[in-house]
Every structure is written in C-alpha cells, then in structure tokens.
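>>> Sequence first, predicted model second:
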Amino acid sequence: MKNVFRQGPITSEFIGNSIYKHQSKTSIGAHNIFLGQVRADQIEDKQVMAIEYSAYEEMANKKFHEIREAAFEKFELTCSHIYHSIGKVGVGEICLFIFVSAPHRKVVFEAIEYLVERIKKEAPIFGKEIFEDETHVWKVNN
Amino acid sequence: MTINILYFGLVAEAIQRTQEKLELNNTTSVKEIKKLLIDKYTVLEKLSYQIAVDQKLANDNQILTPTSEIAILPPFAGG
C-alpha cells in the first residue's frame, strides 16, 4: 500500500519535481493540480498559526488507494498522485497535493474535483488548529 | 476476548489516551461497545464520532471478532 503521508508541509520543490518527472510520459496532454493551503482563520478573535495533522494512517492509506482506483475507473487518466501532510503545517504552507494527468484536458478537471471531495469526506485525517497563544481547536470539514 | 481500541484526534484528547485493550464478550456488537465506552468515558456522550472496525466504518449491528481492530474516529479534517 502506497504511503500518502509526508511529514510537515509539502514543498514547492517537491511539487515542481513531480511535474518534472512527468516529462517522460509523452502520452499525457493535460495535467491538473490541486493544492490545499493552511488558511490563517480567525476564530473568536484568535488567529490560526498552524494545523497539526494526525491520521488513522493505515485506514487512510487504504481509503486513498480506494479513491484513486475509483478515479481511474471513472475517468480516462494516465496517472494520479496524492500526498497529504502529517504533523505541523504553518499558515500559507501546502498540506494536500493532488496531481492528475490524462491525454486530454476535460477529464482532469472532473477528476481533480472528484478526488478532492472524496478525500475531504472520507479520509480519516484529523486537524488541530493551533493559535498564537498555543491553544487550539479541532478542525471539522464541511 | 481482548480487543485493541484506537482513539484519534479530539476523542483521544478528551479521554487522554490513544489506545487500550478491552476485555469483551465474544458476541459484542458495535452498539454494545459504544455503550460500554460511554459508561467508561462520559465525555463521549457529548462528542461526535464514528467507529471503524478493521479500518472500515462500521454499523451498529456489526459483531466484533477477537482479531478486530476498533478505532474511534472524530470528524474528518483532511485537506
């Protein structure tokens, strides 16, 4: 089972390098990328400084695998990659990186939305929003 | 039978543990374990969570086996 989790933020070097690696796959004509970024939310006069992610990693990796397989069945994709942060990610940093590629453009838009929505809803990942004064609240996806 | 229970996120914080082993009857259902946990940790009554058995979300009627891995999962916040 592929491990989707990366410790800390997902760097722009890592993302750039992932794009670079696809240059050899010349049947691809379209990529689409989704990047989730930690937002400096204001909650009751306090500002979020970071999110600390934890997860039921074994179940989450299985779930990511299942979601990815379903995307391949639904859409004509050449590849699809998902990475999610574990541990602390500061505001403005990237915590989710989804990368889909296909011969033609239309499906990559649909596929990316499908993947993001299912991940948010189904992956057992938990997020502690940490404020400047070190207090925290637990984030919940809508 | 002895089964392993894992706690995550808000739930782990509220009951101050991330896992424990519980001694249960051989025919314990998910519904029964919910009750048992609420008796043990009253704070759970106020919290929202789902239960996974062997890494799949479980319904109340599911019966646990000695090798089941139970996880108590608060609301998801990925992405």
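All right, it came through fine.
>>> which residue ranges form the strands in chain A?
A:5-7, A:30-37, A:42-43, A:46-55, A:79-90, A:94-102, A:125-131, A:136-139 (DSSP state E).
>>> helices or strands next to the shortest one in the packing?
I take that to be strand A:42-43. Contact partners of strand A:42-43 among helices and strands, from 3 or more Cβ pairs under 8 Å, 6 or more residues apart in numbering or on different chains; DSSP states H and E: none. For glycine as for every other residue, the C-beta is placed from the backbone atoms N, C-alpha and C.
>>> Could you give the separation of that strand from the chain centroid?
23 Å (Cα atoms, centre = their mean, to the nearest Å).
>>> pLDDT (mean, whole number) over it?
Mean pLDDT, strand A:42-43: 92.
>>> And for stretch A:2-12?
Stretch A:2-12 comes out at a mean pLDDT of 97.
>>> just stretch A:71-80 next, same as before
Average pLDDT, stretch A:71-80: 98.
>>> wait, doesn't residue A:34 sit right on residue A:117?
No: counting by Cβ atoms under 8 Å, residue A:34 stays clear of residue A:117, with 10.4 Å between them.
>>> Neighbour count for these two, which is higher?
Neighbours were counted for residue A:34 and for residue A:117 using other Cβ atoms under 10 Å in any protein chain shown; residue A:34 has more, 16 against 12.
>>> Is any residue of stretch A:68-78 near chain B?
No: Stretch A:68-78 stays clear of chain B (Cβ under 8 Å from any Cβ of the partner chain), getting no nearer than 14.3 Å.
>>> For that stretch, buried residues please.
Neighbour-count burial for stretch A:68-78, counted by 16 or more other Cβ atoms under 10 Å in any protein chain shown, picks out A:68, A:71, A:75, A:77-78.
>>> Among these, which pair sits farthest apart?
For those, the maximum inter-member distance is 13.1 Å, found between A:68 and A:78 (Cβ to Cβ).
>>> all helices in chain B, in order from the N-terminus.
Counting by DSSP state H, chain B has helices at residues B:9-15, B:30-40.
>>> Can the shortest one be said to contact chain A?
Yes: contact between helix B:9-15 and chain A, assessed by Cβ under 8 Å from any Cβ, occurs at B:9-10, B:13.
>>> which other helices and strands contact that helix?
Contacts defined by 3+ Cβ pairs under 8 Å, 6+ apart place helix B:9-15 against strand A:125-131, strand A:136-139, strand B:69-73.
>>> in its sheet, what does the last one sit against?
The strands that strand B:69-73 pairs with in its sheet are strand B:2-7 (parallel), strand B:50-53 (antiparallel) (by DSSP bridges).
>>> could you dump those strands to a markdown table with mean pLDDT and mean neighbour count?
Formatted as a markdown table, the strands paired with strand B:69-73 follow (pLDDT from 0 to 100; neighbours: other Cβ atoms under 10 Å in any protein chain shown):
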| stretch | mean pLDDT | mean neighbour count |
| --- | --- | --- |
| strand B:2-7 | 95 | 17 |
| strand B:50-53 | 97 | 18 |
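>>> quick one on the thing from earlier: out of the residues of helix B:9-15 next to chain A, who's nearest chain A?
Distance to chain A across the residues of helix B:9-15 next to chain A (Cβ to the nearest Cβ) is lowest for residue B:9, with 3.2 Å.
>>> No further questions, thank you.
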